[in-house]
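>>> heads up, no residue letters with this:
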Ligand code: PRP
Ligand code: URA
């Protein structure tokens, strides 16, 4: 799988097991989604462009670097919301643009219900945040929206991916790298990831 990055970090593996546990309560679940968002966000930003900058320390001048590009964090509502703070803590100058998409339970097709992007793009790199990559419908719809908006550099940052969703992004948007904590076995008949963690939105917001 080219352009797919699966974390090998022990902290990610440890936290993901806690997250999957059916006995993990919503408060702890949200904490873990936030922390995993930060860890995966760190891995997904390893190759961001920087430019030289001179900094005056109390004792001299340091030749350092600053981020060159404007970054947008794009959580897919609802479940992606939980990852935002973890990533935003690392790059507080990022803009956050919400996209509302839910998966129709019968057709499994993505349905867009919220999008307030301005006409012109305000960022040059977007990190799409969504814990679950199942059929890939929601992710591909979001990538379509961002490309139409004019953003050229897009990364998908998730927690658990199914082979079907990964293949779909790679087929329709091979230029979009995928960062995940794990790739699971398969989808069940309702397109839930097996073993997965259940419904990521319901488990965060206590609506199961
Ligand atoms: C979940 C998840 C993804 C989508 C993944 O959202 O957070 O957005 O399903 O499925 P797909 O890859 O087959 O599109 P859901 O539609 O349950 O909405 P919610 O976050 O509001 O619960
Ligand atoms: N959405 C979820 O929240 N979980 C899945 O397993 C699939 C889609």
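Okay, I see it. Keep in mind that this is a model prediction, so the values were computed, not measured. Ligands and ions are numbered 1, 2, ... in the order given.

>>> Name the residues of stretch 42-53 that are buried.
42, 43, 44, 45 (16 or more other C-beta atoms under 10 Å). No exception for glycine: its C-beta is placed from N, CA and C like everyone else's.

>>> so of the residues you listed, which ones are in helices?
Judged by DSSP state H, the subset of these located in helices is 42, 43, 44.

>>> Tell me how many other residues crowd the nearest residue to residue 50 once chain neighbours are set aside.
Nearest in space to residue 50, with sequence neighbours left out and distances taken as C-beta to C-beta, 6 or more residues apart in numbering, is residue 65 at 3.9 Å. Using other C-beta atoms under 10 Å, residue 65 has 11 neighbouring residues.

>>> Centre of the chain to the host helix or strand of residue 65, how far?
Per DSSP states H and E, residue 65 falls inside strand 60-67. In terms of C-alpha atoms, centre = their mean, to the nearest Å, the centre of strand 60-67 is found 30 Å from the chain centre.

>>> Give me the average confidence score over that strand.
Strand 60-67 carries an average pLDDT of 98.

>>> Give me the contact list for that strand.
Strand 60-67 has contacts (C-beta atoms under 8 Å, 6 or more residues apart in numbering) with 48, 49, 50, 51, 52, 53, 54, 55, 56, 91, 93.

>>> which residues touch the second one?
In this case it means residue 49. 67, 68, 69.

>>> Just send the contacts of strand 60-67 back as JSON lines, with secondary structure and pLDDT too.
Shown next, in JSON lines, are the contacts of strand 60-67 (DSSP: H, G, I helix; E, B strand; the rest coil; pLDDT from 0 to 100):
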{"residue": "48", "secondary structure": "coil", "pLDDT": "97"}
{"residue": "49", "secondary structure": "coil", "pLDDT": "97"}
{"residue": "50", "secondary structure": "strand", "pLDDT": "98"}
{"residue": "51", "secondary structure": "strand", "pLDDT": "98"}
{"residue": "52", "secondary structure": "strand", "pLDDT": "98"}
{"residue": "53", "secondary structure": "strand", "pLDDT": "98"}
{"residue": "54", "secondary structure": "strand", "pLDDT": "98"}
{"residue": "55", "secondary structure": "strand", "pLDDT": "97"}
{"residue": "56", "secondary structure": "strand", "pLDDT": "98"}
{"residue": "91", "secondary structure": "coil", "pLDDT": "97"}
{"residue": "93", "secondary structure": "coil", "pLDDT": "97"}
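
>>> now, which of those sits nearest ligand 2?
residue 91 (25.6 Å; C-beta to the nearest ligand atom).

>>> Could you find the closest non-adjacent residue to the closest one?
Excluding its sequence neighbours, the residue lying closest to residue 91 (C-beta to C-beta, 6+ apart) is residue 71, at 5.8 Å.

>>> With residue 173 as the reference, measure out to that neighbour.
Remark: distance between residue 71 and residue 173 (C-beta to C-beta, to the nearest Å) = 19 Å.

>>> ok but residue 126 is inside a strand, no?
Yes. The assignment for residue 126 (DSSP: H, G, I helix; E, B strand; the rest coil) places it in a strand.

>>> List the contacts of the residue nearest to it when sequence neighbours are not counted.
Of all residues not flanking residue 126 in the chain, residue 72 sits nearest, at 4.5 Å (C-beta to C-beta, 6+ apart). By C-beta under 8 Å, 6+ apart, the residues touching residue 72 are 94, 95, 96, 97, 122, 123, 125, 126, 127, 151.
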